[in-house]
Structure formats: structure tokens, C-alpha cells
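1. Any chance you could fold what I've pasted below:
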Amino acid sequence: MENLHFDAWQFANNQVYAVSPSTRISFSDYERMGTYSHKASGQRRYPTPLYALNDKILRQLLLVFMEVRLYIRGSQGSDTERRERIRQAALEQQPRLAATVDKLNREYVEAQADHAPPERLKNLEMEIEMLDTQLRTCREGGMGLVASICYLYHRLRLDSVGVAAELGIKPPHVRSILWKLNEVFKSKFNEDGSLKPSDRPIAWDVNLAFLWRLSGLTYAQAAEKLGVATSTLAGFFQAKGIVVPKFRPGKPVKPPRVVALREKKPKVVRIPKPKPPRRERFRVDVGKAAELRKAGMFWKDIAKVLGARNADVVYCAVKRAGLWVPFWQKKKAGTLRPRPDHLCSNHCMCRHNQTVATRTANPNTANHVCA
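-> Modelled structure (predicted):
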């Protein structure tokens, strides 16, 4: 009897094939069929937990798990009362979740009409699907869904895909609930399956700590004498609403200082200073400036004639009025005006202040020699 063991590969290679003489199905028939695999999971990394094989421990775990999930404080009453309290808490969340789903549906329709980016549509789809699953699975409190997942996964040995197919949910949802069940069991239960005490007895003297605080000791000094952490002592006093006045031993407590009421000073009405008259804005005669520019004057000379501050003022005013054509546009249109200063015909760097008519009438200027 001591040598007995379980052979994990006892039934290996005993797979039943769809196309075989026993099934009398041909390959042509199998091509038009759909295949559905329903099998138990293989070897798992972790052993089966204690609560999965004990109905009493599983019942307590389901109650604690749903109370933690629905933020229900206190686990007083019988199992039936606690189950009813869980169901009522889940039903109270239904209107809020339904309103949120309707709002997200409207946003999704508007986003589709406005041709929103695909990332926005994908996020809305995920949020709507998540809330819809929560509404569908928590109609009766959600305890039945968690119990079904635990039963199918641990006792029937189905994998997360098989459990999800049986319950109409997705495999990641199954794995998430199983992981949360294990975390709640580790935090709320002992290794033997018994519940951990929720209110641990205080191992230090509360009255002595209070007297030390009244005598002027700090939380750190009192905690060091009691052998506990400073955060434990301070947290206990704050949770119970115990406020100890701050004072030092040997020094009397100063009475609160009474501040005499002072007479209000009359408000001084300040008369605002008159603003200096606004200087009239200089306006450029853009028509005259454009004519002078066409006549061949430089912007600097035009500014002096018009009395402007500088050449940039005249240039910007004429350009803003649309009366000046840039050089590159004139060159492109072939309407360049002749400049009064011309280079010699032999392309030397000397300049002669002569007009085009003078150069045309005097052909000798074309063959002169520059000094």
C-alpha cells in the first residue's frame, strides 16, 4: 500500500478522433462541421486551495469576498442576513451603472458621427462592455457567479476558457476573480480555514498611554515605553477621537490671548490722477508716398518729406495699403522701372547720375574708360 501512487499519464494518447470507423464520419462531412472542445485543464502550477473543496469555508469566503467587493462594513448577523444585505447593496448600484452605460452609449454614437479617432472609440467600447458585464452578472448580488467560477474551475477542472464559455463571460474575467478570491482568503482567513479576528485585542494599556500623553509625553516617547509603534498609538487615538492638549510639564497653560477690537479707520477716497491727453497718431499719406516712390525716391527721403519718424513707418504703411509691389514680383512681371543710377555698359563698378535718355543720345558713354 505504501508504493501506491497516481499515474498522471495513465490515460494519455487515448484521444477520440472525429473521423474514424467508430464515428462513421468522413473527411468531406467533417469539413462542413464545427468543432467544440470541452475538456478538463491539465496539470496546474498551484495546488487546489482549501476553500475549493470545503463547502463551509467556501460559503464564508463568498460572503466576505462580496462584502469587500461592495464596500460593506461589518459582518454581523447570520449568513442569510448577510447574503440579503449583499443583494440589496448590489441592487442599489444598478441605477447608477445603467445611467453611466446610457451616457457612454450616447458619447459613442456622437463620436462615430464626428469621426473620432479609433483610439477614442476603442476606449468607449471597453468601458461600455465592462459596465454591461457588471450589470448583467450582479443582478442578484453576484455571489452565484463567483460560486460557479470556483466550482467549475476547481472541482470540474475546467480551464478559464471552458469556464468562460459555460458562464458567458471572458477568460480574463475568470482569472481575475480567481486571483481576487485567493487574495481575500489569504488576508481574511487562517491556513486552517478559520476567520481571522477582525477586532484584535489591544495588547497595551490604553489608560496608561492616555495619562502619559496628559503628562506631556509625545506619541513617540509613550510608544517606546509601551513597546508599540508610534503610528499604532497615534492611529488609535485619532480613530477614537481623543485629542490631548499640547503643553509642557512644569509650565502653566497660557490662557487664550484676547485681542481688542480696533476702530476701523475711515477709508481714504483717492481721486485718480487725470490721464494726459493722448497724442494724436501720425498718419502717413500713402498715396503721396507711393507716388514719390514711383518717381524714384528712397524710403528715407520720403519719410523726411512726409515728416515720418523713420523709413520703416512709411514702408509698412504703403505695403499695408497695397500700393507697393515687391521687387521679385516686378521682375517676374517684367515691369521693372529704370533706376536713375546706372552701371556702365562695360559692367564696371562706377556709377553715373544720368538718365536713360542721356545715355541713349550719347553713345560715346558706352566705350568710355573708367578712372
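
2. quick one: low-confidence ranges for the stretch 151-300 of the chain?
-> Confidence mapping of the stretch 151-300 of the chain against pLDDT under 70 gives the ranges 198-203, 239-241, 243-264.

3. What segments of it are strands?
-> Here the stretch 151-300 of the chain has no strands by DSSP state E, counting those that start in this stretch.

4. which stretches of it form helices?
-> Assigned by DSSP state H, counting those that start in this stretch, the stretch 151-300 of the chain shows helices spanning 160-167, 171-188, 206-214, 219-226, 230-240, 286-294, 299-306.

5. Distance to residue 46 and mean neighbour count added to those, as a markdown table?
-> The C-beta positions use only the backbone N, C-alpha and C, and glycine is treated the same way. A markdown table is the format used below for the helices of the stretch 151-300 of the chain (distance: least, Cβ to Cβ, whole Å; neighbours: other Cβ atoms under 10 Å):
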| stretch | distance to residue 46 | mean neighbour count |
| --- | --- | --- |
| helix 160-167 | 14 | 18 |
| helix 171-188 | 9 | 16 |
| helix 206-214 | 42 | 15 |
| helix 219-226 | 40 | 16 |
| helix 230-240 | 34 | 13 |
| helix 286-294 | 88 | 16 |
| helix 299-306 | 88 | 16 |
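
6. Could you pull out the buried residues of stretch 80-92?
-> 82, 83, 85, 86, 87, 89, 90 (16 or more other Cβ atoms under 10 Å).

7. Residue 124 is in contact with residue 112, isn't it?
-> No: between residue 124 and residue 112 there is no contact under Cβ atoms under 8 Å: 9.4 Å.

8. neighbour count winner among these two?
-> The neighbour comparison of residue 124 against residue 112 (other Cβ atoms under 10 Å) goes to residue 124, with 18 against 12.

9. Now the host helix or strand of the more buried one: buried residues?
-> Applying DSSP states H and E as the criterion places residue 124 in helix 118-137. Neighbour-count burial for helix 118-137 flags 124, 128, 134, 137 (criterion: 16+ other Cβ under 10 Å).

10. just checking, what packs against it?
-> In terms of contacts (3 or more Cβ pairs under 8 Å, 6 or more residues apart in numbering; DSSP states H and E), helix 118-137 is packed against helix 94-113.

11. Quick one: list the elements packing against the helix it packs on.
-> helix 118-137.

12. Just the CA atoms of the helix it packs on, as CSV, please.
-> Output of helix 118-137 as CSV, limited to C-alpha atoms (Å, rounded to 0.1, in the frame of the first residue of the first chain):
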residue,chain,number,x,y,z
PRO,A,118,-10.1,54.9,-33.4
GLU,A,119,-8.4,55.0,-30.0
ARG,A,120,-11.4,57.0,-28.6
LEU,A,121,-13.9,54.6,-30.0
LYS,A,122,-12.0,51.6,-28.7
ASN,A,123,-11.8,53.0,-25.1
LEU,A,124,-15.5,53.7,-25.1
GLU,A,125,-16.2,50.2,-26.3
MET,A,126,-14.1,48.7,-23.5
GLU,A,127,-15.8,50.9,-20.8
ILE,A,128,-19.3,50.0,-22.1
GLU,A,129,-18.5,46.3,-22.2
MET,A,130,-17.1,46.3,-18.7
LEU,A,131,-20.1,48.1,-17.2
ASP,A,132,-22.5,45.9,-19.1
THR,A,133,-20.9,42.8,-17.8
GLN,A,134,-21.1,44.2,-14.2
LEU,A,135,-24.8,45.0,-14.7
ARG,A,136,-25.5,41.5,-16.1
THR,A,137,-23.6,39.5,-13.5
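
13. hang on, the earlier thing: quick one: which of the buried residues of helix 118-137 is nearest to residue 48?
-> Proximity to residue 48 was ranked across the buried residues of helix 118-137 by Cβ to Cβ; first place goes to residue 137, at 24.1 Å.

14. Just give the closest residue to that closest one, not the sequence neighbours.
-> Sequence neighbours aside, residue 145 is the residue nearest to residue 137 in space, at 4.8 Å (criterion: Cβ to Cβ, 6 or more residues apart in numbering).

15. wait, what's in contact with the residue nearest to residue 127 when sequence neighbours are not counted?
-> Among residues not flanking residue 127 along the chain, residue 104 sits closest, at 5.6 Å (Cβ to Cβ, 6+ apart). Shown in contact with residue 104 (Cβ atoms under 8 Å, 6 or more residues apart in numbering): 124, 127, 128, 131.

16. what's the burial count for residue 57?
-> Residue 57 has 19 neighbours, counted by other Cβ under 10 Å.

17. doesn't residue 212 make contact with residue 225?
-> Yes: the pair residue 225 and residue 212 qualifies as a contact (Cβ under 8 Å) at a distance of 6.9 Å.

18. Tell me how far the residue nearest the centre of the chain lies from residue 265.
-> Taking Cα atoms, centre = their mean, the centroid of the chain lies closest to residue 123, which sits 11.9 Å from it. Separation of residue 123 from residue 265 (Cβ to Cβ, to the nearest Å): 60 Å.
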